[in-house]
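Novice: give the three-dimensional model of this entry:
(one chain, ligands or ions: 1)
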Amino acid sequence: MKPTIHYRISAAHPEAHLFDIRLHIEQPAAEGQRLSLPVWIPGSYLVREFAKHIVSISAEDERGALAISKTDKNHWQLAPAQGAVTVRYTVYGFDLSVRTAYLDTTRAFFNGSSVFLGVEGQLDQPVEVDIVAPSGKAYREWRVATSLPAHKAKPYAFGSYRAADYDELIDHPVEMGDFTLIQFKACGVPHDFVLSGRLPKIDSKRLARDCKKICEHQIRMFGEPAPFERYVFMTFVSGDGYGGLEHRASTALMCKREDLPKDGETGMKSSYRQYLGLVSHEYFHSWNVKRIKPAAYAPYPADGEAYSRLLWAFEGLTSYYDDLTLVRAGLIDADSYLELLSHTITGVLRTPGRLVQSIADSSFDTWIKFYRQDENSPNSGISYYTKGALAGLCLDLHIRQATQGKRSLDDVMLALWERYGRDFYQGKPVGVPEDAWEQVAEEVTGLKLQAQFDQFLRSTEELPLADMLASVGIQWQVRSQTGANDKGGWLDKAKPNGVWLGARTGSDGALVKLTHVLSDGPAEHAGLSAGDVLVAIDGLKATAGNLDATLAAAKPGDKLDVLAFRRDELMNVKLKLEAEPSQTVGLRRDDSDPAKLAARQAWLHG
Ligand SMILES: [Zn+2]
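Specialist: This is a model prediction of the structure:
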């Protein structure tokens, strides 16, 4: 049966960044049809007000022009119509991120949540979408990449696509342009790898081979068949950019040109390892958050925030499994994994807000805190991604230890998948109630885990990382940073703690700007604030190099004479240096205990 709701989206004006959209409603509500646009996009927990990019809108019915008016920021009311209604509107797309829409003369990308008005009362109805190319010779090579099921469109062609309902319609982003397409199958399922933006000569065979390993590992972890018939990775490649957003059968990613493996390049450079981690992260979301999802997201409330204390499970555990997948799939070795883990731990230890906010609270307040970072964020909050990943690590290792390796976090994920995820898009969708995650974990493992949940998720106590890692033969070294670029790693000779400023810095021209002043550190004690620009230290111009050299030569208790601008006012403060806290972690394998070695092998290699 032909859908009675039909959209036509045309990348009509690339030079003006405007999409033309036509929405045809065969059976509008008799009392006057209401239309809406979401205020946020699932996966990115911030109200973004997509409706602000609707430039103009008009409507008509059989008789001609039909009155349309806004009733609030993201709703429109049509007058009662005679027969079918057609709504025409224009959307401005000039956001290069993966969250909204973009159109210029080189490419187009959109999320349905930015461009498709919902027909209220008919959101459960099937819809058809025509995707139309810009006209003109310059766009002859453009193709379409999307996981939206094709109706009459040939593969990668402009034309007609269909979705079972509005929720599906807005969960398949669309890329258009003259992109590079790499294809592979994972567990028999076709995967398209689409790269847009100006590309260097990349090793596409390696990219396909590596991504296939990630995909097959994750499909097998949750059990075949894969939860989609095909999958599309779309990556926008540029000089700088990083990020991704998950969807039910695709993901939109951004990376730097230099992250991709170049032709002839061997070895695993850290930027490519990071990119593969991103691929792994977003792909894992196909199970964890797109199908196993909080009850608060089932369905997604399009008009406002969806509150859950479970983002530590949906983002944190996805972050735990993204790098773990790389080692389990054989893309990196155990030492490389430990290096990634030490960076995550170091990042958390350098965030004083871990002692202020729990990850359950961080999850709940993401809308106003994590997604609205400011100069005080490191002092007042903690990321449910990074600390969530470490909570996942502690839970996993605790479960393995307490069950003598008979159970693991994988079993919990699988049980959640079977109970909530597998049938999410087939039949009646059921989300995970706020208390169910922990119940399922206790059921599956046969363990009492209340104490761990209370400590890891709901308290600001430090995680028992050193003990947990020791249980799988991993030694832990915690020390102060030894230089500005020291991200961690094992130091054979422990150095005495150096001094620190207690601030994160950026630059203001050649001078040093304090971007964040950390709780209870020397900068705070001296009365310096975020935003202050250091002008001189002990009578010499304050450059980054000069500051580093001064700190390297100083010892705790030394005093610095600091001149700084606050706004346009010059301040003179005495800063007393203090010993840098031990918050840089190195990890290394210790194979001396065969039982621990075996436990580590089982954990990292299955
Ligand atoms: Zn994520």
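Novice: buried set for stretch 511-525?
Specialist: Buried residues in stretch 511-525, counted by 16 or more other Cβ atoms under 10 Å: 511-519, 521-524. From N, CA and C alone the C-beta is placed, and that goes for glycine too.
Novice: do the same with stretch 46-58
Specialist: With burial defined by 16+ other Cβ under 10 Å, the residues of stretch 46-58 counted as buried are 46-48, 50-51, 53-54, 57.
Novice: same check, this time on stretch 362-375
Specialist: For stretch 362-375, the neighbour count (16+ other Cβ under 10 Å) marks 362-367, 369-370 as buried.
Novice: how far away from the center of its chain is that stretch?
Specialist: Distance, stretch centre to chain centre, for stretch 362-375: 14 Å (Cα atoms, centre = their mean, to the nearest Å).
Novice: contacts for it?
Specialist: 44-47, 305, 307-312, 357, 377, 380-384, 387, 515-517, 530-531 (Cβ atoms under 8 Å, 6 or more residues apart in numbering).
Novice: what of stretch 558-576?
Specialist: 499, 501, 522-523, 525-529, 531-539, 542, 550, 554, 557, 577.
Novice: I'd like the mean pLDDT over the helix or strand hosting Phe565, please.
Specialist: Element membership of Phe565, judged by DSSP states H and E, is strand 559-566. Predicted confidence along strand 559-566 averages 98 (mean pLDDT).
Novice: now the element after it, going C-ward?
Specialist: Per DSSP H and E, strand 559-566 leads on to strand 569-576 as the next helix or strand towards the C-terminus.
Novice: just the buried residues of stretch 362-375 now: which is nearest Thr71?
Specialist: For Thr71, the closest of the buried residues of stretch 362-375 turns out to be Trp367, at 23.5 Å, with distances computed as Cβ to Cβ.
Novice: distance of the closest one relative to Tyr297?
Specialist: Here the criterion is Cβ to Cβ, to the nearest Å. By it, Trp367 lies 13 Å from Tyr297.
Novice: hang on, the earlier thing: next, format the buried residues of stretch 362-375 as CSV and append distance to Leu338, pLDDT and secondary structure.
Specialist: Shown next, in CSV, are those (distance: Cβ to Cβ, whole Å; pLDDT from 0 to 100; DSSP: H, G, I helix; E, B strand; the rest coil):
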residue, distance to Leu338, pLDDT, secondary structure
Ser362, 26, 98, helix
Ser363, 27, 98, helix
Phe364, 32, 98, helix
Asp365, 32, 98, coil
Thr366, 29, 98, coil
Trp367, 34, 98, coil
Lys369, 30, 97, coil
Phe370, 27, 96, coil
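Novice: quick check: the farthest pair among those residues?
Specialist: Maximum distance among these (Cβ to Cβ): 11.2 Å, for Ser362 and Trp367.
Novice: quick revisit: in the sheet, which strands lie alongside the strand holding Phe565, parallel or antiparallel?
Specialist: Sheet neighbours of strand 559-566, with direction, are listed as strand 533-537 (antiparallel), strand 569-576 (antiparallel) (DSSP bridges).
Novice: skipping adjacent residues, who's closest to Gly392 in space?
Specialist: Closest residue in space to Gly392, ignoring its immediate chain neighbours: Tyr320 at 3.5 Å, by Cβ to Cβ, 6 or more residues apart in numbering.
Novice: ignore what I typed, I meant Met176.
Specialist: Ala108 (4.2 Å).
Novice: now Asn379
Specialist: Ser519 (4.5 Å).
Novice: helix, strand or coil for the one you found?
Specialist: Per DSSP: H, G, I helix; E, B strand; the rest coil, the secondary structure class of Ser519 is coil.
Novice: that older thread, and the contacts of stretch 558-576, which are buried?
Specialist: Taking 16+ other Cβ under 10 Å as the criterion, what is buried in the contacts of stretch 558-576 is 499, 501, 522-523, 526, 528, 531-537, 542, 550, 577.
Novice: quick check: the farthest pair among the residues you listed?
Specialist: Across these, the longest distance by Cβ to Cβ is 22.8 Å; it joins Val499 and Gly531.
Novice: returning to that earlier point: which pair in the buried residues of stretch 511-525 spans the largest distance?
Specialist: Across the buried residues of stretch 511-525, no pair lies farther apart than Leu511 and Ser519, at 24.2 Å, counting by Cβ to Cβ.
Novice: need the contact list for the residue nearest to Gly392.
Specialist: Applying Cβ under 8 Å, 6+ apart, the residues near Tyr320 are 388-390, 392-393, 396, 409.
Novice: mind listing which of those are in helices?
Specialist: With DSSP state H as the criterion, helices contain 388-390, 392-393, 396, 409 from among those.
Novice: pLDDT, neighbour count and distance to Ser459 added to these, as CSV?
Specialist: Below are the ones in helices among the contacts of Tyr320 laid out as CSV (pLDDT from 0 to 100; neighbours: other Cβ atoms under 10 Å; distance: Cβ to Cβ, whole Å):
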residue, pLDDT, neighbour count, distance to Ser459
Gly388, 98, 29, 14
Ala389, 98, 26, 17
Leu390, 98, 26, 14
Gly392, 98, 23, 16
Leu393, 98, 24, 17
Asp396, 98, 23, 19
Leu409, 98, 24, 20
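Novice: and of these, the nearest to Ile219?
Specialist: Using Cβ to Cβ, the ones in helices among the contacts of Tyr320 come closest to Ile219 at Leu409, 17.9 Å.
Novice: what sits against that closest one?
Specialist: 317, 320, 392, 395-396, 399 are the contacts of Leu409 under Cβ under 8 Å, 6+ apart.
Novice: so what touches stretch 458-465?
Specialist: By Cβ under 8 Å, 6+ apart, the list of residues contacting stretch 458-465 from outside reads 345, 354-358, 360-361, 387, 390-391, 393-394, 455-456, 476.
Novice: quick one: end-to-end distance for that stretch.
Specialist: Terminal residues of stretch 458-465 lie 17 Å apart, using Cα to Cα, to the nearest Å.
Novice: ditto for stretch 459-475
Specialist: This stretch, stretch 459-475, spans 25 Å end to end (Cα to Cα).
Novice: buried residues in that stretch?
Specialist: 463-466, 468-474.
Novice: before we move on, what about stretch 186-204?
Specialist: Across stretch 186-204, burial judged by 16+ other Cβ under 10 Å covers 186, 189, 191-197, 202-204.
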